[in-house]
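Participant: Give the three-dimensional model of this entry:
(one chain, ligands or ions: 1)
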Amino acid sequence: MIATSLTRVTVEARGVAKVYPTSGGADGAGVQALRGVDLDIDQGAFLAVMGPSGSGKSTLMHCLAGLDRPTSGTITIEDTEITALSERRRTDLRRDRIGFVFQQYHLLSELNGSENILLPLQIAGRRPDPAWLEAVVDALRIRDQLCRRPSELSGGQQQRVGIARALAARPAVVFADEPTGNLDAASGRDVLEFLRYSTREFDQTVVMVTHDPVAAAYADRVVLLLDGQISGELRAPTPESVLGALQELRR
Ligand SMILES: Nc1ncnc2c1ncn2[C@@H]1O[C@H](COP(=O)(O)OP(=O)(O)OP(=O)(O)O)[C@@H](O)[C@H]1O
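Facilitator: Presented below is the predicted three-dimensional model:
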């Protein structure tokens, strides 16, 4: 039998560059935050993006997620070239096909857990899939938190509600920006274990920006950015191999 690969690329970046205009802009140079990034992210992959401060991690994530537009290059999510979309269509695509997890959770304080989780679907005018939501709530162990407001939840519980919100619409990709940055080690481990579980069990694609080598080692693959370019990557990373690669970058 001929072996066939079933791997699908969910996110494809080609030659992505981003220049921020500098204030005054007299020299016309601007800040080159990204300089020709090529990246393929497979469906169901858990990818961590790392690099020194100012290397372009947030800029890359914002461009990949359609929050910002690169100065040149193309980005495709599933079958849609998002760099070719109008602002309005890009906003629709973000709402329908991208999930976000934030360091500060960004839950609405006047809504309970369940209302927070369902809000993006409501805004999009979409019906929730009850079986899917049950599976997510069970996997995240947040059933008892669904009726509580964020102020009644621990940081780890709030972040797990935030992750359920990100997954509720079964997005093509979840982008997580320092998802464990505000959590103690045990809650952080829970969150990372769930993100990894979601890639294995739900075939969810997850892209995480982090400064923490221990967090990055939960991913299948770590991409290292330096001065707006991909300068290396690790497969099957460990905290030690990530730390070593980061130290190598700083030489
Ligand atoms: N809105 C902006 N206007 C001008 N320059 C910017 C803007 N946002 C980022 N930059 C610059 O682009 C470069 C990349 O910034 P970016 O925030 O993507 O890096 P980062 O790797 O996420 O950094 P950190 O780890 O500190 O969050 C930096 O030189 C930064 O100063």
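Participant: Work out for me the element V223 sits within.
Facilitator: In the assignment (DSSP states H and E), V223 maps to strand 221-226.
Participant: strands paired with that strand, and their directions?
Facilitator: strand 46-50 (parallel), strand 229-235 (antiparallel) (DSSP bridges).
Participant: now, of these, which is deepest in the fold?
Facilitator: strand 46-50 (a mean of 26; mean count of other Cβ atoms under 10 Å). Bear in mind the C-beta positions are built from the backbone N, C-alpha and C, glycine included.
Participant: Which one, of the strands paired with strand 221-226, ends up nearest to V191?
Facilitator: Set against V191 and scored by Cβ to Cβ, those come closest in strand 46-50, at 12.4 Å.
Participant: Give me the contact list for that closest one.
Facilitator: With Cβ atoms under 8 Å, 6 or more residues apart in numbering as the test, strand 46-50 has contacts from 41, 57, 60-61, 195-196, 199, 206-211, 213, 215-216, 218-225, 237, 242, 246.
Participant: With C147 as the reference, name the closest of the strands paired with strand 221-226.
Facilitator: strand 46-50 (30.7 Å).
Participant: Just checking, which helix or strand succeeds that closest one along the chain?
Facilitator: helix 57-64.
Participant: Now tell me what touches whatever helix or strand comes next after that following helix from outside.
Facilitator: Tracing the chain C-terminally past helix 57-64 and defining elements by DSSP H and E, one meets strand 72-77 next. With contact meaning Cβ under 8 Å, 6+ apart, strand 72-77 is reached by 10-17, 36-37, 63-64, 66, 81-84, 93, 97-98, 172-173.
Participant: Quick one, which of those residues are buried?
Facilitator: Neighbour-count burial (16 or more other Cβ atoms under 10 Å) applied to the contacts of strand 72-77 gives 10-14, 16-17, 37, 63-64, 66, 82-83, 93, 97-98, 172-173.
Participant: Among these, which are located in strands?
Facilitator: Counted as lying in strands by DSSP state E, out of the buried ones among the contacts of strand 72-77, are T10, V11, E12, A13, R14, V16, A17, V37, I98, V173.
Participant: Out of those residues, which is nearest to D138?
Facilitator: For these, the nearest to D138 is V173 (22.5 Å; Cβ to Cβ).
Participant: Near the ligand, which residues of the stretch 51-200 of the chain? Just list them.
Facilitator: Neighbours of the ligand within the stretch 51-200 of the chain, by Cβ under 6 Å from any ligand atom: G51, S53, G54, S55, G56, K57, S58, T59.
Participant: Mark which of those are buried, thanks.
Facilitator: If we count by 16+ other Cβ under 10 Å, these have these buried: G51, S55, G56, K57, S58, T59.
Participant: Thank you, goodbye.
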